[in-house]
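# I would like the atomic coordinates for the input below:
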Amino acid sequence: MSETLFRQQKAHLDTLLSAYRSLMAQYDYDAIALYSGHATPHYGDDQMPTFQAFGHFVHWVPLWQAEHSWLVIHPDQRPTLYLYAPTDFWHLPTALPQEPWVGEFEVKLCTDVTMPALGERSAIVGDINALRESGAALPQGQPNPETLVHALDELRMIKSDYEITCLREANRLAMAGHEAAHAAFAGASCELDIQLAYLAASRQRESHVPYANIIGMNQHAGVLHYQHYDVRAPRQRFSLLVDAGRRFRGYSADITRTHVGPDAPALFETLIGALHGVKDRLIARLAPGVDFVTLHEQMHHELAEVLIDHDLFSGSREQAIAEGVTRAFCPHGLGHSLGIHVHDVAGLRTASGEPSPAPEAHPALRLTRTLMPGMVVTIEPGLYFIPMLLMPLRNTSLPINWTRVDQLAPCGGIRIEDNVVITPDGFDNLTP
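You can find the predicted model right below:
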């Protein structure tokens, strides 16, 4: 592991400690305790779903699978890490790596589920309901005080150098998977085999991905969160959409690429190129002070131009937007905040913690912030041929070239997605 990474992590932890202590002074807390969480079995079963630790815990401790663990931050001493590490021969217990960050904490290895000793003027942040349901006696303190939780969310909106390094490495590893997925598609593999190729090349098991990979061929590429993997290759290969990520030290990449198959109409490959251009032009506009809602609206202007330029719509750009044509071809938002969570916290709040919901016309938009240096966002324009969204337009006089739309329908759709950090003078695209 790079010495530079560890130096960045030390600075990251120093900044967090200072910020948490300021919040403790502001809200008059003697301690802030972060609970990592724990998995609970499926109903009526003894099998557990894949677990990932609470994001605010991972913000400090790069052990995203640590269950039943606590981090307690104090005003005047080192943070205390209560790490659950039972003596067990059924499962391999959590172990501390031999890395410098461990020395920043007072570590208590706990062989049993342990609750930290806290006073009444402490804040407890995490899945308190799961603790209650487990029958555990809760520590003293205030559970999830709203103003404090919003302030902690805001600390995660602006990424440190350490976090950006982690996100960049997650992107590098994910792109190795995307290249392997493309090669498997070229080799006439089925969706499941493409998924397995992605996992092998990105060096991860399926339970470790930050979100369920979307591997959609043909019309499945038009199912925005397609959740299955066909085990047989289709007779005709029109398209492949891969929306897949990778974790690195708890930080998530979220990348999408769309590929043309040998049986697709030539127009589909042209449209993929056009969407790459839309993505690049939108990224070029990223800078501090840019309003993300305005940028999302610019995406619709760009999509209208693509529809007109490729003879899918013969009206004006203004008509395509006003009549909902571009929304039918792209129903999702331009992007979202990215970090420990794929859809990271505080995207729909202002810097002061006030709600900032998505506009009524764009309800799927997950980010409404004014961009600031250190934010990391996804930019992911799309163009889809989804029958249930396009059907209402067929009963209108809108000048849509339905012959061309029907030719493209077997391809499902296109999405291109990069991960980008906002810098003081513009942007840095983390996706190689």
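
# And stretch 58-69, what's buried?
By neighbour count on 16 or more other Cβ atoms under 10 Å, the buried set for stretch 58-69 is V58, H59, W60, V61, P62, L63, W64, A66, E67, H68, S69. (Glycine included, C-beta is placed from N, CA and C.)

# how about those residues, which pair is most distant?
H59 and H68 (18.3 Å; Cβ to Cβ).

# I'd like the buried residues of stretch 58-69 as a markdown table, with secondary structure, pLDDT and distance to S314 appended.
As requested, the buried residues of stretch 58-69 are arranged in a markdown table below (DSSP: H, G, I helix; E, B strand; the rest coil; pLDDT from 0 to 100; distance: Cβ to Cβ, whole Å):
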| residue | secondary structure | pLDDT | distance to S314 |
| --- | --- | --- | --- |
| V58 | helix | 98 | 51 |
| H59 | helix | 98 | 51 |
| W60 | helix | 98 | 56 |
| V61 | coil | 98 | 57 |
| P62 | coil | 97 | 54 |
| L63 | coil | 97 | 57 |
| W64 | coil | 96 | 51 |
| A66 | coil | 95 | 58 |
| E67 | coil | 95 | 58 |
| H68 | coil | 95 | 62 |
| S69 | coil | 97 | 60 |
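
# What ranges does the stretch 301-432 of the chain have for its helices?
317-322, 325-329, 387-394, 402-408 (DSSP state H, counting those that start in this stretch).

# out of these, which comes closest to Q142?
So among the helices of the stretch 301-432 of the chain, helix 325-329 is nearest, using Cβ to Cβ, at 42.9 Å.

# which residues touch that closest one?
300, 303-304, 307, 313, 315, 319-320, 361-362, 383-386, 389-390, 392-393, 398, 400 (Cβ atoms under 8 Å, 6 or more residues apart in numbering).

# could you redo the last one with a cut-off of 7 Å?
Here helix 325-329 makes contact (Cβ atoms under 7 Å, 6 or more residues apart in numbering) with 300, 303-304, 307, 313, 320, 383-384, 389-390, 393, 398, 400.

# Report the mean per-residue pLDDT for it.
Per-residue pLDDT over helix 325-329 has a mean of 98.

# what does stretch 390-408 give?
97.

# Any buried residues in it, and which?
Quick answer for stretch 390-408 (16+ other Cβ under 10 Å): L390, L393, L398, I400, R404, V405, L408.

# Out of those residues, which comes closest to R281?
Out of the buried residues of stretch 390-408, the member with the shortest distance to R281 (by Cβ to Cβ) is L408, at 22.2 Å.

# Contact partners for the closest residue to the closest one other than its chain neighbours?
Nearest non-adjacent residue to L408, counting by Cβ to Cβ, 6 or more residues apart in numbering: F385, 5.1 Å away. Applying Cβ under 7 Å, 6+ apart, we find F385 in contact with G222, V405, L408, A409, C411, G412, G413.

# what does G382 give?
Counted by Cβ under 7 Å, 6+ apart, G382 has contacts C330, H332, G413, I414, R415.

# switch to 10 Å and redo it
Applying Cβ atoms under 10 Å, 6 or more residues apart in numbering to G382 gives the contacts 221-222, 224, 241, 256, 258, 275, 278-279, 299, 303, 329-334, 413-417.

# A85 now?
So A85 contacts A66, H68, S69, P93, T94, A95, L96, V107, K108, L109, C110, T111 (Cβ under 10 Å, 6+ apart).

# again, but for V231
C190, E191, L192, D193.

# measure the third one to E206 for me?
Same thing as L192. In this view, L192 and E206 are 11 Å apart by Cβ to Cβ, to the nearest Å.

# okay, these two: which has more neighbours?
L192 (15 against 12; other Cβ atoms under 10 Å).

# give me phi/psi at that one?
Backbone torsions of L192, given as degrees, to the nearest 10, read phi -60, psi -40.

# Just the pLDDT for it.
98.

# Could you double-check that it sits in contact with H228?
Yes. In this structure, L192 is within contact of H228 by Cβ atoms under 10 Å, at 9.1 Å.

# intersection of neighbour lists for those two?
I215.

# ok, and for stretch 325-339, which residues are buried?
Applying 16+ other Cβ under 10 Å to stretch 325-339 flags 325-339 as buried.

# Span of it from start to end?
32 Å (Cα to Cα, to the nearest Å).

# Report the mean confidence score over stretch 278-293.
The model assigns stretch 278-293 a mean pLDDT of 98.

# whoops, stretch 88-97 was the one
Here the average pLDDT along stretch 88-97 is 89.

# For that stretch, which outside residues touch it?
Residues contacting stretch 88-97 (Cβ under 10 Å, 6+ apart): 1, 36, 61-63, 65-69, 81, 83-87, 102, 105, 107, 109, 111.

# Next, G277: secondary structure please.
helix (DSSP: H, G, I helix; E, B strand; the rest coil).

# Quick check: it touching I416?
Yes. Applying Cβ under 10 Å, one finds G277 in contact with I416, separated by 9.4 Å.

# okay, those two: which has more neighbours?
When G277 is set against I416 and neighbours are counted by other Cβ under 10 Å, the residue ahead is I416, at 23 against 15.

# Would you mind confirming that that one makes contact with L334?
No. Checked against Cβ under 10 Å, the pair I416 and L334 is beyond contact range at 11.6 Å.

# which residues are in contact with both of the two?
K279, I379, E380, P381, G382.

# Switch the residues you listed over to JSON lines; also include distance to M24.
Formatted as JSON lines, the entries for the shared contacts of I416 and L334 read as follows, by distance: Cβ to Cβ, whole Å:
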{"residue": "K279", "distance to M24": "42"}
{"residue": "I379", "distance to M24": "37"}
{"residue": "E380", "distance to M24": "38"}
{"residue": "P381", "distance to M24": "43"}
{"residue": "G382", "distance to M24": "43"}
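
# Return the subset of these lying in strands.
I379, G382 (DSSP state E).

# All good on my end, thank you.
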